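1. Build the 3D model from these lines:
(one chain, ligands or ions: 2)
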Amino acid sequence: MEGPFVVLTGAGISAESGVPTFRGPDGLWRSFRPEDLATPEAFARDPALVWEWYDWRRQRIAACRPNPAHRVLAEMEATLPDFTLITQNVDGLHQAAGSQHILELHGNIWRVRCTRCGRVSEDRRVPLPEIPPRCQCGGLLRPDVVWFGEPLPAAVLEAAWEAAARCRWMLVIGTSALVQPAASLPVLAHRNGARLVEVNISDTPLTHLAHEVLRGPAAQVLPTWWASRRPQQ
Ligand code: BJW
Ligand code: ZN
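-> Ligands and ions are numbered 1, 2, ... in the order given. Coordinates of the predicted model:
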């Protein structure tokens with residue numbers, strides 16, 4: 001466990017908390033795929049429809065608690081001297097588990113951003129009283145998340161690239177590794193000599209690169225793995 005340690009998480013880490021994944025069988029909402037709804041075009045066409053999806057997801061997530069996998073990552077951060085957590089998730093469950101520093105590549109579902117004045121604010125109301133919600137300035141609010149075709153937050157992505165490029169270990173948990181540029185981070189780490197460990201219930205495009213594959217639900221296999229690796233005091 002020597003050297004910089006990076007973790008990349010995806011929707012699968014929150015599955016056992018009850019948060020639906022994107023591409024699983026229960027990932028669909030009214031038969032829409034994320035590629036149909038998580039786009040600026042969908043929002044421009046029908047903001048109320050897109051907001052109904054987000055409002056439904058916010059209600060689901062509000063009822064969810066972090067699971068043992070989230071908690072292990074908070075413990076790793078507190079234990080390992082050089083540790084970086086990168087997440088594609090927008091659910092806020094890493095924060096709820098006690099992780100302090102989180103690189104959120106795709107934003108956060110509990111923030112809203114005004115499409116007119118750009119103001120960003122936290123809004124945890126579930127359900128939202130008005131759909132689509134509006135800013136004090138009268139502008140239309142949108143979720144402060146990253147949709148397909150939109151750039152990731154530059155500083156966050158830069159920090160993630162740097163961490164991936166220099167790490168000795170990369171743990172990739174619960175992501176289908178289909179969405180770019182997040183899916184390239186483990187590839188970069190691998191190319192630079194990091195030991196790649198994948199935690200997933202199924203194969204992904206990264207599985208063939210992994211030095212170690214922990215096959216099973218993250219909330220079960222991650223605590224066991226960490227218990228056997230954790231530095232003893
Ligand atoms: C378990 C489990 C358990 C289940 N335990 N495991 C290069 C090549 C091709 C395409 C592109 C490219 N570069 C860019 C693109 C386009 C696009 C893209 O990647 N498209 C692909 C789909 C082909 N990317 C973008 O558009 C990105 N933007 C960009 O690149 O901008 C460039 C630009 C620069 C300058 C100016 C303008 C543009 C943005 C991507 C944004 C993704 N957004 C979403 C929505 C976020 C908001 C929201 O939540 O609503 O992010 S889409 C959705 O997918 C969400 C997720 O973070 C993301 C990844 O999903 P994830 O986490 O992997 O979940 P699933 O459901 O796919 O997988 C779950 C996994 O868990 C599975 O493997 C299960 O087996 C496993 N699992 N239970 C362990 N218990
Ligand atoms: Zn505004």
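2. Got phi/psi on residue 113?
-> Phi and psi for residue 113, reported as degrees, to the nearest 10, are phi -130, psi 140.
3. What about residue 125, how many residues nearby?
-> Residues contacting residue 125 under the criterion other CB atoms under 10 Å number 12. Every residue, glycine included, has its C-beta placed from N, CA and C.
4. wait, I meant residue 219
-> For residue 219, the neighbour count with other CB under 10 Å is 21.
5. Please determine how far it is located from residue 194.
-> 24 Å (CB to CB, to the nearest Å).
6. how about the helix or strand containing residue 214: buried residues?
-> Here residue 214, judged by DSSP states H and E, is contained in strand 212-215. Residues of strand 212-215 classed as buried by neighbour count (16 or more other CB atoms under 10 Å): 213, 214.
7. which helices and strands sit right next to that strand?
-> strand 195-200, helix 218-229 (3 or more CB pairs under 8 Å, 6 or more residues apart in numbering; DSSP states H and E).
8. right, and the helix or strand after the host helix or strand of residue 53?
-> Per DSSP H and E: residue 53 is located in helix 47-62. Under the assignment DSSP H and E, the closest C-terminal helix or strand after helix 47-62 is helix 68-79.
9. who touches that following helix?
-> 5, 7, 9, 13-14, 16-17, 83, 85, 93-94, 96-101, 173-174, 199, 218-220, 222-223, 226, 230-231 (CB atoms under 8 Å, 6 or more residues apart in numbering).
10. Kindly report the same for stretch 226-233.
-> By CB under 8 Å, 6+ apart, stretch 226-233 touches 1, 72, 75, 76, 79, 80.
11. Return the subset of the contacts of helix 68-79 lying in strands.
-> 5, 7, 9, 83, 85, 173, 199 (DSSP state E).
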